[in-house]
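Student: task: produce atomic coordinates for the following.
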Amino acid sequence: MLAAYRFLIGTIEQAIVTARSSHADEAANLWRAGQTLLKSVVAELRMWILLKEGDGDSAWRSFCDAEDYAVLALRWSPDNFAPARDQVEHLGLVEKVVFPEQPFFVSTTLIVGREICTICEADYGSCNHLVGELYAGDMCVRRCEEIKDILSISLVKNPADKRNRIRSATDTDPLTGEPPKRPKIPPTKKPNKKKRRRRK
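Tutor: Residues are numbered from 1 along each chain as shown. Have a look, this model is predicted:
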């Protein structure tokens with residue numbers, strides 16, 4: 001079944017190339033939306049296979065792929081395309097039923113340097129292309145050329161990427177594997193309270 005889906009995805013890719021060469025940009029975008037929905041189905045099927053094999057981590061990554069594809073397909077489809085909408089809702093139920101609840105994910109805040117638009121290869125912001133939109137069947141992506149600094153690493157409930165999850169926690173030193181050395185805190189001395197003599 002997966003092979004049949006992959007063959008269909010490849011066939012649609014050829015249709016996108018043909019539409020683009022004919023300057024039929026809207027047709028190329030519709031083909032891309034349909035292809036992306038198929039990719040969501042394939043990623044979900046791969047998720048079930050991996051779960052059956054006992055590979056929960058890889059299954060979670062495939063689930064995230066399926067969800068990302070479904071959201072994009074719904075975004076790019078005209079008139080709230082029902083199959084794409086149904087896939088998004090279905091995957092939301094799959095996450096709640098199949099995978100254990102994950103209260104927190106990891107989110108990183110970066111200071112970046114130059115960013116490039118993948119549609120025209122110009123500096124992003126100097127052109128009219130928008131991230132996540134389709135242009136003749138190609139999605140605009142903001143490609144980071146330089147990371148200047150990391151501002152923060154946070155625990156969040158709703159991350160931009162659910163793949164950034166906490167898998168385990170430890171209190172050992174990541175370099176040595178030894179437990180951290182805790183400073184010895186001297187016991188606090190209780191102040192001597194002088195008893196007051198009552199006057200008779």
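
Student: what about residue 129, which SS state?
Tutor: Of the three states, residue 129 takes coil under DSSP: H, G, I helix; E, B strand; the rest coil.

Student: show the pLDDT at it.
Tutor: Looking at residue 129, its pLDDT reads 96.

Student: what does residue 97 give?
Tutor: Predicted confidence (pLDDT) for residue 97: 95.

Student: and the chain, what are its domain boundaries?
Tutor: 1-101, 102-167 (automatic domain parsing).

Student: of all those, which one comes closest to residue 185?
Tutor: Closest to residue 185 of the domains of the chain, according to CB to CB: domain 102-167, at 27.7 Å. All C-beta spots, glycine's among them, are computed from the backbone N, C-alpha and C.

Student: contacting residues around residue 166?
Tutor: 102, 104-106, 155 (CB atoms under 8 Å, 6 or more residues apart in numbering).

Student: how about the domains of the chain, which one is nearest residue 187?
Tutor: Evaluated over these, closeness to residue 187 peaks at domain 102-167, with 34.2 Å, by CB to CB.

Student: re earlier: which of the contacts of residue 166 are buried?
Tutor: Applying 16 or more other CB atoms under 10 Å to those, the neighbour count classes residue 105 as buried.
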